[in-house]
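Colleague: quick one, what's the 3D model for this:
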Amino acid sequence: MEHSRYHSNGARGWSTEIVTARNLAENKIYDILYPSIEKWWNDPESKRKRRVAKYKLYSAEGKIKSSFKKGYCWIGRKCIMMVRRL
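Modeller: Here you go, the predicted model:
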């Protein structure tokens, strides 16, 4: 039973490791201690969560912008009302 595993070697790029029955237990420990970023980063569920988080961020950004705009307009109206009263 052989499997191929790809992992990063930093600046040197990617390398392939052949997993055999002899070192399978060793490799399971390796997987537990050093989980691959690829496993959860490219997972469809985590991609969906990141996308939804971006949508929420854009929504919050829009609310903040509209709040500033409303505040600026309110200040402008109050200043105009004060000038007209003089």
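Colleague: tell me the strands in the protein, going along the chain?
Modeller: Assigned by DSSP state E, the strands in the chain fall at 3-8, 14-19.
Colleague: mean confidence for stretch 50-57?
Modeller: Throughout stretch 50-57, pLDDT has a mean value of 94.
Colleague: other residues contacting it?
Modeller: Residues lying outside stretch 50-57 but in contact with it, judged by CB atoms under 8 Å, 6 or more residues apart in numbering, are absent altogether. In short, each C-beta sits where N, CA and C put it, glycine included.
Colleague: make 45 the first number, not 1, from now on.
Modeller: In the new count, where the first residue is 45, that last one comes out as stretch 94-101.
Colleague: using CSV, write out every CA atom in it.
Modeller: Provided in CSV are the C-alpha atoms of stretch 94-101 (Å, rounded to 0.1, in the frame of the first residue of the first chain):
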residue,chain,number,x,y,z
ARG,A,94,-14.3,33.0,4.1
ARG,A,95,-16.5,34.3,1.3
VAL,A,96,-19.4,34.9,3.7
ALA,A,97,-17.1,36.7,6.1
LYS,A,98,-16.0,39.0,3.2
TYR,A,99,-19.7,39.7,2.4
LYS,A,100,-20.3,40.6,6.1
LEU,A,101,-17.2,42.9,6.1
